[in-house]
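> My questions concern the predicted model and sequence given below.
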Amino acid sequence: MFKIQKPKDLASTNLKALIYGPSGKGKTYLAGSVENALVLDLEKGSASVKNKDLDVIAIENAGMFKEVLKWVKESQEASKYETIVIDSLTRYGEMLFVALSMLYPDKKDSMKLWGDFDVVSRQRLEDILSINKNIIITALEEQVSDGGILIKHPMYKANKFKMMIPSYFDFVGHLVSDNDGKRILISEPTSDAVGKNRLIDFGIPTIINEDDELYNFQKIINKV
């Protein structure tokens, strides 16, 4: 039997955000500008988060990541966290590729490898987004050809899947620098990069400069 609901009943106050950009730009620092959060550290770079008091779980491989996500979703101990930071989606893809390469070592099985890679990637993202908490994920950037035009996207190995990644999030911010080296978080699509911002009605602008008050994800969460 199905259930009929109103849009207001389906609305979620949890933020699902993705920050992507070049290596060393400050993605982890910005993602870690939150409180009462748990960092799932796949990059071994959690020392660079802004809030040094955050709890961290160092993720060693793709299997461990799956188990930790299950624990976050189901355990009473994890219920105390309001936000989960995942650093990074790109690194998870590398871990998954390594695991599947061991399962399918022969080149003749490459189609099976990539088929499983795509399926598991989608399953894992669904696992992440089904967690009833704020989710902030980082990723590296890469250029992808879209109709002959190179567009920056979050970096991930599965080509078709990576093109869909932004559609799953409320906020997709591209972290760049201006001519003076100041960081800028851009969440609107540009001629050379993807972006997304469903938070405009909450007063979250599409361009946030490093010196702005909202260059802080806890303040963005508080407004939303």
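Yep, that arrived. Every value quoted in this text rests on a predicted model; they were computed, and no experiment measured them.
> List the buried residues in the strand ranked longest in the chain.
If you go by DSSP state E, the chain has its longest strand at strand 134-146. Residues of strand 134-146 classed as buried: 134, 135, 136, 137, 138, 139, 140, 141, 142, 144 (neighbour count, 16 or more other C-beta atoms under 10 Å). In this view, the C-beta of every residue, glycine as well, is placed from N, C-alpha and C.
> In contact with the second one: list those residues for me.
Listed by C-beta atoms under 8 Å, 6 or more residues apart in numbering, the contact partners of residue 135 are 14, 15, 16, 17, 83, 84, 86, 128, 129.
> coming back round to it: pull the CA atoms of the longest strand of the chain into PDB?
Only the C-alpha atoms of strand 134-146 are listed here, as PDB (Å, rounded to 0.1, in the frame of the first residue of the first chain):
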ATOM      1  CA  ASN A 134      24.100  16.600   6.900                       C
ATOM      2  CA  ILE A 135      26.600  15.200   4.300                       C
ATOM      3  CA  ILE A 136      29.600  17.100   3.000                       C
ATOM      4  CA  ILE A 137      31.800  15.300   0.500                       C
ATOM      5  CA  THR A 138      35.000  16.500  -1.200                       C
ATOM      6  CA  ALA A 139      36.400  15.400  -4.600                       C
ATOM      7  CA  LEU A 140      39.200  16.400  -6.900                       C
ATOM      8  CA  GLU A 141      38.400  18.000 -10.200                       C
ATOM      9  CA  GLU A 142      39.000  16.800 -13.800                       C
ATOM     10  CA  GLN A 143      38.100  18.000 -17.200                       C
ATOM     11  CA  VAL A 144      35.500  16.100 -19.100                       C
ATOM     12  CA  SER A 145      34.500  16.500 -22.800                       C
ATOM     13  CA  ASP A 146      30.900  17.500 -23.100                       C
END
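> Against which helices or strands is whichever helix or strand comes after it packed?
Toward the C-terminal end, the helix or strand that comes next after strand 134-146 (DSSP states H and E) is strand 149-154. If contacts are counted by 3 or more C-beta pairs under 8 Å, 6 or more residues apart in numbering; DSSP states H and E, strand 149-154 sits against strand 16-21, strand 134-146, helix 159-164.
> rewinding a little: let me know the closest of the contacts of residue 135 to residue 148.
Set against residue 148, the nearest of the contacts of residue 135 by C-beta to C-beta is residue 17 (30.1 Å).
> and that closest one, how many neighbours?
Per other C-beta atoms under 10 Å, the neighbour tally for residue 17 reads 25.
> And it, how far from residue 179?
26 Å (C-beta to C-beta, to the nearest Å).
> and if you look at residue 41?
32 Å.
> Go through stretch 52-67 and flag the buried ones.
Under 16+ other C-beta under 10 Å, the buried positions of stretch 52-67 are 54, 56, 57, 59, 62, 65, 66.
> Grab the two from those that are most spread out in space.
54 and 62 (22.9 Å).
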